[in-house]
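A.B. asks: kindly generate the corresponding structure for this input.
(2 chains)
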Amino acid sequence: MRQDRRLYWLLLAPALLLMAVMLYYPMVGTVYESFHETSFLNPDPKFAGLALYRRVLADGTFAEVLVNSIVWTLGVVLLQNVFGFLAALLLNQNLPMQGALRAIVLLPFILPGVVAAILWRFMYDPQLGLVNSLLLSAGLIENSVAWLADSRMAMASVIVAAVWKGFPFSMLIYLAALQNVDRSQIEAAMLDGAGPVRRLLDVTLPAIRDVIVVNIVLTLILTFNYFDIIWVLTKGGPQSATHIFPTKIFETGFGQFRFGEAATYGVFSILVLSVLVALYAIVQGGASRRRAAA
Amino acid sequence: MTRSLMTTVFLGTALLSAGPVLAQQVTLQFWDNQQTESGLSDVQKAAVERFMTENPDIRIEVTTVPYPEYQQRLLTAVQGGNAPDIATLDQIWVGAFAKAGAVSDLTEEAAAAGLSRDGFFGGAWDSAVLDGKLYGIPFNVDVWQFSYYNKALLDAAKVDPASLGTFEGLKAAAEKLTADGKFGVGLFGHKGEDTVVVGDSFIFSNGGRILNDDGSCALTEAPAVEALAYLQELSKFAPGGILNASSGDMRELFLNGSLAIEFWPALEQPTLQKSSLSWGFVNGTAPEGKTPVGTFGGWNLAVFETSAHKDAAWKFIQFMVREDVNGDVVDLIPANKKAAEAFLAKNRQEPQTIMTHLDNAKARPLSPRYLELADAQVAMFQDIYAGGKPADAAAKACDAINALD
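C.D. replies: Take a look at the predicted model:
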């Protein structure tokens, strides 16, 4: 038994070492830097206590970044999961050319984030873009819209691009779950006269409840950390209309050489992510317990 | 037998004579970035080979980094203690790198080598001077902005290209040219340095400045605010979406014939030469009776403090800015004035007009916190393009700039 335990640790050691060096050390370093004045100009950290936190919180941009991050995360997660689930329901039917259809739907997910962002930048172009062209020809708008340059439209526009890129990920997970739903339960419901909506609500959704929750929590974490789509589309602009934590951290650290303040934003980001990770752990634990009880 | 003996003796002698050179040879790391797809790297390689032939005791290893990644790579290398021996530094980074003690003071070396402001464009030389010390040697330059115009569109609207050189003329032309789905003038206001340099040139041309001599913000002074108000008026004749538009976006519209006037440095000429457009240009824009003043852009060569071979690095820098070399190793305009004259005569239309604009151009403020200063300026330009009052936008920018310690 003791030998087994030793073997477990031996096998775990490389992964733990890698995580310690690549993940936990920088994370601890970030927390350390957030209490120190350090920038490219003053690379030797000077202890500043909570001064950087006070400075960041006093700056109006912080509140904007926080609100943007919430809107962005909730918007993307909600829409990505709804569209992902609907796409999964569709692809779970016996459609012709199912393989080809799945490959087509997966395409946005396979594209690198930067490529997808550049694609959407072209589509949103106020003069040459496809989005305006389609809406104008359909008579839905009278004049071209500057989707990414108007602070009232920019956040919604980047959310749409991110949902397009991310919904196949949710779809894949939902599709796998739908294929594992016990067919006999669905058939029994049909025999009892349940229609498609009733079967979905009473049989399918309860059967994949754990997957839905895990999917939502996972996409919450991934979306909160998303960087490339927003950076390529707007760099957090216009003004700060689309700045979220990752773009603000990058801009402050690498755009302005203010590492201490970037670290402070990083710590706030870690705090939010810790809550989400805890949520994920709770959800996973609950699911495991239910499976064990079943 | 005799032949093989002789060969052995010959090879042995050659190796013995090469031995001391190989033993003393130093290797320098040179980092540069590539802004265009001009095939510059091949030409640079040839120049580096030439340097190594002239200096067999020095080996140069060139690392070319794409422009968008360059700043981050360099910053990380300096922070990690892995800086190269020599690198090109954007003019606006020199202040921060110098203040951080990352690059060497070259004042004495330059004086001893006879390199002075007279041999380079003044604004470019000034971009490497902080607190009276020289932290780099100008390598290449360009100036924002030239107003490039589409001849066919101007002819059709009966606009005299010479009129674009004045504030009044440019506005009248832009208004006239904005019709039938076409736009008069390509303004841009995204979060990028091109937004700042073009805005600065309007402020400079109107007699304004960014900072006072004591380093405080000068954007609330009348000439600067007037220039902002002028840009706001001009924006009525620009394609929509200014707040997320870049000079690159305007180029696309200019090349497809839907934009009459675009703002770019001289670097734009090779692109336009390859197009089927009939085009011309004037040197920026200023109020009637004043001379247009552009904003300098470009790169300086710097030696890093951590270099173990500073003498060799300095030798390489002198080579790169030499009159007979500088023109072969840049994709902008050589910073060496004599090299620039030859380069422009060979590669650009109206070289003398460009030289005049270069001579009149001003450098951006050399502040160690330039990047934060520029961010405040971008916010100011975005404010006015979004319809905010110019005086309020300038005051907000000055509050942010003056708060920088």
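A.B. asks: what about the residue nearest in space to the middle of chain A, which SS state?
C.D. replies: What sits nearest the mean C-alpha location of chain A, by Cα atoms, centre = their mean, is residue A:223, with 1.5 Å. Look at residue A:223: counting by DSSP: H, G, I helix; E, B strand; the rest coil, its state is helix.
A.B. asks: ok, the nearest residue to it once chain neighbours are set aside - contacts?
C.D. replies: Counting by Cβ to Cβ, 6 or more residues apart in numbering or on different chains, residue A:223 lies nearest to residue A:76, which is 4.5 Å off, once chain neighbours are set aside. Quick note: C-beta positions are derived from backbone N, CA and C, even for glycine. Going by Cβ atoms under 8 Å, 6 or more residues apart in numbering or on different chains, residue A:76 touches A:159, A:162, A:163, A:166, A:219, A:223, A:226.
A.B. asks: which one of those residues is nearest to residue B:299?
C.D. replies: When those are compared for distance to residue B:299 (Cβ to Cβ), residue A:226 wins out at 33.2 Å.
A.B. asks: for residue B:340, give its distance to residue A:39.
C.D. replies: 36 Å (Cβ to Cβ, to the nearest Å).
A.B. asks: out of those two, which sits in the busier spot?
C.D. replies: Applying other Cβ atoms under 10 Å in any protein chain shown to residue B:340 and residue A:39 shows that residue B:340 carries more neighbours, namely 27 against 20.
A.B. asks: name the element the more buried one belongs to?
C.D. replies: helix B:337-347 (DSSP states H and E).
A.B. asks: how about the nearest residue to the closest residue to chain B within the stretch 101-250 of chain A, chain neighbours excluded?
C.D. replies: Residue nearest to chain B within the stretch 101-250 of chain A (Cβ to the nearest Cβ): residue A:146, separated by 3.3 Å. Once flanking residues are discounted, residue A:146 sits nearest to residue B:241: 3.3 Å by Cβ to Cβ, 6+ apart.
A.B. asks: could you give the average pLDDT over the helix or strand containing residue B:139?
C.D. replies: Element membership for residue B:139, per DSSP H and E: strand B:137-144. On average, the pLDDT along strand B:137-144 is 94.
A.B. asks: can you tell me which helices and strands it packs against?
C.D. replies: The contact analysis (3 or more Cβ pairs under 8 Å, 6 or more residues apart in numbering or on different chains; DSSP states H and E) places strand B:137-144 against helix B:122-126, helix B:193-205, strand B:295-303, helix B:310-320, strand B:333-334, helix B:351-360.
A.B. asks: let's see the very next helix or strand once past that strand as CSV, backbone CA atoms only.
C.D. replies: Remark: after strand B:137-144, the chain's next helix or strand is strand B:146-150, criterion DSSP H and E. Output in CSV follows, covering the C-alpha atoms of strand B:146-150 (Å, rounded to 0.1, in the frame of the first residue of the first chain):
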residue,chain,number,x,y,z
PHE,B,146,2.1,63.3,-46.3
SER,B,147,-1.4,63.9,-47.8
TYR,B,148,-1.7,61.4,-50.7
TYR,B,149,-4.5,62.2,-53.1
ASN,B,150,-6.3,60.3,-55.8
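A.B. asks: quick one: buried residues of the very next helix or strand once past strand B:146-150?
C.D. replies: Counting by DSSP H and E, the element after strand B:146-150 in chain order, helix or strand, is helix B:151-156. Under the neighbour-count criterion of 16 or more other Cβ atoms under 10 Å in any protein chain shown, helix B:151-156 has B:153, B:154 buried.
A.B. asks: repeat for stretch B:44-54
C.D. replies: Using 16+ other Cβ under 10 Å as the test for burial, stretch B:44-54 gives B:44, B:47, B:48, B:51.
A.B. asks: check stretch B:243-255 too.
C.D. replies: Within stretch B:243-255, judged by 16+ other Cβ under 10 Å, the buried ones are B:243, B:244, B:245, B:247, B:249, B:250, B:251, B:252, B:253, B:254, B:255.
A.B. asks: rewinding a little: strands paired with the strand holding residue B:139, and their directions?
C.D. replies: Partners of strand B:137-144 in the sheet, by DSSP bridges, are strand B:295-303 (antiparallel), strand B:333-334 (antiparallel).
A.B. asks: residues of chain A that sit close to chain B?
C.D. replies: Within chain A, the positions near chain B by Cβ under 8 Å from any Cβ of the partner chain are A:40-43, A:125-128, A:144-151, A:154, A:233-239, A:254-258.
A.B. asks: buried ones among these?
C.D. replies: Among the residues of chain A next to chain B, those classed as buried by 16+ other Cβ under 10 Å are A:40-41, A:125-128, A:144-151, A:154, A:233-239, A:254-258.
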